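Student: no letters, just coordinates:
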């Protein structure tokens, strides 16, 4: 599956344009992480793009989110990629095999970092990613009352990949800035 096919499949399953934009943001971060870590950029990007493909179909039910994605994506991605997608939501009980660990840590970190970055951009005067600086992002990360739905623990999973939090947030911010036009930010 190439990116064009994946994006078409995503849009066929997700009606909410904000969710599609979220998936594009996570894709950008995953691609940047793959480049930095010497991983498969195409595969990691597709995992980021498709990680929430089942969100509308499961009625946003956290006990099913990720599991329906397995059915939708079966045969379209390698097994370890499917497992990372299914396991990125800790509320469904799915446990990924050891071959999916790096990809899973990256996906969880990217998923939550995208939320922190968008929330930070939205409090800027012009509501644009271009206004966000890495130091601002780190300050917002430390504010527990800011973007409460963003798990700081999930973002810190990037440390299991050998990256420092500060470096990851800067990388994630740059990645999202590269797709700011698609995100409307």
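Tutor: In hand now; what should we look at? As the structure is a computational prediction, the values presented were derived from the model and not from experiment. Numbers count the residues shown, from 1 in each chain.

Student: residue most distant from the centroid, the chain?
Tutor: residue 125 (25.2 Å; C-alpha atoms, centre = their mean).

Student: helix, strand, or coil at it?
Tutor: The three-state label given to residue 125 by DSSP: H, G, I helix; E, B strand; the rest coil is coil.

Student: quick one: secondary structure of residue 112?
Tutor: On the basis of three-state DSSP, residue 112 is classed as helix.

Student: now the terminal residues of stretch 145-159, how far apart.
Tutor: 23 Å (C-alpha to C-alpha, to the nearest Å).

Student: buried stuff in that stretch?
Tutor: For stretch 145-159, burial by neighbour count (16 or more other C-beta atoms under 10 Å) applies to 147, 150-151, 154-158. Using the backbone N, CA and C atoms, a C-beta is placed for each residue, glycine as well.

Student: pull out the buried positions in stretch 38-51.
Tutor: For stretch 38-51, a neighbour-count test (16+ other C-beta under 10 Å) marks 39, 41, 43-51 as buried.

Student: what sits up against it?
Tutor: Defining contact as C-beta atoms under 8 Å, 6 or more residues apart in numbering, one finds that stretch 38-51 is touched by 1-3, 6-7, 9-10, 23-24, 26-31, 33-35, 69, 73, 77-78, 81, 84-85, 88, 102-103, 106-107, 110-111.

Student: of these, buried ones?
Tutor: For the contacts of stretch 38-51, buried by 16+ other C-beta under 10 Å: 1, 6-7, 9-10, 23-24, 26-31, 33-34, 69, 73, 77, 81, 84-85, 88, 102-103, 106-107, 110-111.

Student: among those, which ones are in helices?
Tutor: Using DSSP state H, the subset of these located in helices is 6-7, 9-10, 23-24, 26-31, 33-34, 69, 73, 81, 84-85, 102-103, 106-107, 110-111.

Student: where along this structure do the strands fall?
Tutor: Using DSSP state E, no strands are found in the chain.

Student: tell me where the model's unsure across it.
Tutor: Judged against pLDDT under 70, the chain has no low-scoring part.

Student: mind listing what residue 104 touches?
Tutor: Residues in contact with residue 104 (C-beta under 8 Å, 6+ apart) are 83-84, 87-88, 96.

Student: biggest separation within the residues you listed, which pair?
Tutor: Based on C-beta to C-beta, the longest span within the contacts of residue 104 runs between 83 and 88 and measures 9.6 Å.

Student: now do residue 68 against residue 166, distance only.
Tutor: Residue 68 sits 36 Å away from residue 166, going by C-beta to C-beta, to the nearest Å.

Student: between these two, which one's more packed in?
Tutor: Using other C-beta atoms under 10 Å as the criterion, residue 68 and residue 166 rank with residue 68 on top: 19 against 13.

Student: number of nearby residues for the nearest residue in space to the more buried one that is not next to it in sequence?
Tutor: Closest residue to residue 68 apart from its sequence neighbours, by C-beta to C-beta, 6 or more residues apart in numbering: residue 54 at 3.7 Å. Counted with other C-beta under 10 Å, residues neighbouring residue 54 total 25.
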